[in-house]
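In: kindly return the folded structure for what I paste below:
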Amino acid sequence: MRELLRTNDPTVIAFAEALLDGEGIGCFVLDANTSILEGSIGILPRRMMVAERDLFMARHVMRDNGVTVSE
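Out: Here you go, the predicted model:
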């Protein structure tokens, strides 16, 4: 698994998941449950991971839709 993006914004995560799902690319969001530890203030970013084989296409889909990706 490789990191596709990292963000504090839950709407970006939801949008990215929808885009990837539409392209048939599986993803996994890490750190989604850290709100329990941080007190739900949203300071810790969530990381979206994709399989190594899907990384190139996933980055292409994100950039085409204006989502900033990790390098």
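
In: helices along this structure, start to end?
Out: Assigned by DSSP state H, the helices in the chain fall at 10-22, 35-38, 55-64.

In: quick check, central residue of this protein?
Out: Centroid-nearest residue in the chain: Met48, 3.0 Å away (criterion: CA atoms, centre = their mean).

In: now that one: how far from Gly66?
Out: Met48 sits 15 Å away from Gly66, going by CB to CB, to the nearest Å. C-beta coordinates here come from the backbone N, C-alpha and C atoms, glycine included.

In: same question, Ala58
Out: For Ala58 relative to Gly66 (CB to CB), the value is 14 Å.

In: okay, those two: which has more neighbours?
Out: Ala58 (25 against 7; other CB atoms under 10 Å).

In: for the more buried one, give me the pLDDT.
Out: Per-residue confidence at Ala58 stands at 97 (pLDDT).

In: right, and it touches Asp21 too?
Out: No: with contact defined as CB atoms under 8 Å, Ala58 does not reach Asp21; the gap is 11.3 Å.
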